[in-house]
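Engineer: following is a predicted model, sequence given first.
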Amino acid sequence: MPTPPYLDIHPDVAQALAEQRPVVALESTIISHGMPYPANVATALRVEQEIRAHGAVPATIAILDGRLKAGLTPAQIEALGRGGPAVAKASRRDLPFIVTSGAMGATTVASTMIVAAMAGIRVFATGGIGGVHRGAQQSFDVSADLQELARTSVAVVCAGAKSILDLPLTLEYLETHGVPVIGYRTRTLPAFFTVDSDSMVDYRLDSALQIAQAMQAKWAMGLQGGLVVANPVPQAFAMPRARMDAAIAQALQEAERQKVGGKEVTPFLLARVSELTGGDSLATNIELVLNNARLASAIAVQYGQIGGYDAVIASPAIV
């Protein structure tokens, strides 16, 4: 399969894909916009190490010098981390402009899915997906992540949707667009920092093999689009729901007063919640990303063992 225009695949990733070995995609917005430096760089490198330790090859995705990158060097991860919020946050709509300007961009869940699918990567680990924002009835603020899940065939392993969002409306949107939400060993939707919420997932599956089989069956039937694999943060690192709800409520009020909007809402809220919890939410964020990397690696390994990558080679994902 020829490499799509504007895409560079790291040699380690390219070799793994050619040999039909498991690869796990990783986003870069979490590096530039999700955590402060140097914790962002240290976490990104730890996540890559965790994926390797569990039998897969990591492919952190970003835009560098106007090129889509599937797989980064440590120096490139360092540059994204040092750049921080000054690095452009790139979703689907932004990709052509960041590429043609030759700039640097940190990929969101949506754009990471796009680049992963271009490269032939089927599994992606992140922290939490975007969703329907609270008050969306008036603002119409709905993350592009949800529409991408409806159209791009990549499984996204996450700790549910970010708890700053309207979780019931997020699930309604995914249901409308035919995106299954799988709870890994849980019937309730994890809420990022907390292990559960008042919302239910569509299906509970208890093993990486079951999830891989669902992926293979969905795409073999020609049902394009992704799957959400909701993996609760380990209980030892979870935040108490009452404490998180209070911090989120205060952060939302401050965002409204300061008229924070658009792409700036999520990084503002996450940073403010971290401050309000004395940094405890940052520690939880790091642990849940590592936990998701472990599960994504297991799914990628199982997907390969049941022949999933044969289908990827024969029929590249449509984005």
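Structural biologist: Great, that's in hand.
Engineer: when you work out contacts or count neighbours from here on, use the C-alpha atoms and nothing else.
Structural biologist: Fine.
Engineer: dump the residue contacts of A119.
Structural biologist: Listed by CA atoms under 8 Å, 6 or more residues apart in numbering, the contact partners of A119 are 3-4, 7, 9, 70.
Engineer: lowest pLDDT pick from these?
Structural biologist: Across these, the member with the lowest pLDDT is T3, scoring 74.
Engineer: quick one: the strands in this structure, in order.
Structural biologist: For the chain, applying DSSP state E gives strands covering 7-9, 23-26, 57-64, 67-70, 88-90, 105-107, 123-125, 155-158, 181-184, 203-205, 227-230.
Engineer: export the ones you listed to JSON lines and tack on distance to K218 and mean neighbour count?
Structural biologist: Compiled in JSON lines, the strands of the chain are given as follows (distance: least, CA to CA, whole Å; neighbours: other CA atoms under 10 Å):
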{"stretch": "strand 7-9", "distance to K218": "26", "mean neighbour count": "18"}
{"stretch": "strand 23-26", "distance to K218": "19", "mean neighbour count": "30"}
{"stretch": "strand 57-64", "distance to K218": "24", "mean neighbour count": "27"}
{"stretch": "strand 67-70", "distance to K218": "25", "mean neighbour count": "24"}
{"stretch": "strand 88-90", "distance to K218": "28", "mean neighbour count": "22"}
{"stretch": "strand 105-107", "distance to K218": "26", "mean neighbour count": "29"}
{"stretch": "strand 123-125", "distance to K218": "14", "mean neighbour count": "29"}
{"stretch": "strand 155-158", "distance to K218": "11", "mean neighbour count": "28"}
{"stretch": "strand 181-184", "distance to K218": "13", "mean neighbour count": "24"}
{"stretch": "strand 203-205", "distance to K218": "14", "mean neighbour count": "17"}
{"stretch": "strand 227-230", "distance to K218": "9", "mean neighbour count": "26"}
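Engineer: need those in a markdown table (columns: distance to G261).
Structural biologist: As requested, those are exported to a markdown table (distance: least, CA to CA, whole Å):
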| stretch | distance to G261 |
| --- | --- |
| strand 7-9 | 31 |
| strand 23-26 | 26 |
| strand 57-64 | 24 |
| strand 67-70 | 27 |
| strand 88-90 | 14 |
| strand 105-107 | 19 |
| strand 123-125 | 26 |
| strand 155-158 | 24 |
| strand 181-184 | 27 |
| strand 203-205 | 34 |
| strand 227-230 | 26 |
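Engineer: and those strands: which comes nearest R272?
Structural biologist: Nearest to R272, of all the strands of the chain, is strand 88-90, at 18.7 Å by CA to CA.
Engineer: touching that closest one from outside, list them.
Structural biologist: So strand 88-90 is contacted by 29, 33, 98, 104-108, 111, 263 (CA under 8 Å, 6+ apart).
Engineer: recalculate using a threshold of 10 Å.
Structural biologist: Contact with strand 88-90 is made by 28-29, 32-33, 62-63, 94-98, 103-112, 263-264, as judged by CA atoms under 10 Å, 6 or more residues apart in numbering.
Engineer: before we move on, the earlier item: and of the strands of the chain, who's closest to Q253?
Structural biologist: Taking CA to CA, strand 88-90 is the member of the strands of the chain nearest to Q253, at 23.8 Å.
Engineer: give me the mean pLDDT for that closest one.
Structural biologist: 96.
Engineer: go on, stretch 113-122?
Structural biologist: Mean predicted lDDT for stretch 113-122 stands at 98.
Engineer: quick one: buried residues of it?
Structural biologist: 113-122 (16 or more other CA atoms under 10 Å).
Engineer: ok, so of those, who is nearest K162?
Structural biologist: The closest of the buried residues of stretch 113-122, once distances to K162 are taken by CA to CA, is M113, at 17.6 Å.
Engineer: how far away is the closest one from N291?
Structural biologist: Separation of M113 from N291 (CA to CA, to the nearest Å) stands at 19 Å.
Engineer: which residue is nearest the middle of this structure?
Structural biologist: For the chain, the residue nearest the mean C-alpha position is T126 (3.2 Å; CA atoms, centre = their mean).
Engineer: for that one, grab phi and psi.
Structural biologist: The phi and psi values for T126, taken as degrees, to the nearest 10, are phi -140, psi -170.
Engineer: spit out the contact partners of it.
Structural biologist: By CA under 10 Å, 6+ apart, the neighbours of T126 are 25-30, 47, 108-109, 112, 156-160, 288-293, 296.
Engineer: now with 6 Å?
Structural biologist: With contact taken as CA atoms under 6 Å, 6 or more residues apart in numbering, T126 is in contact with C158.
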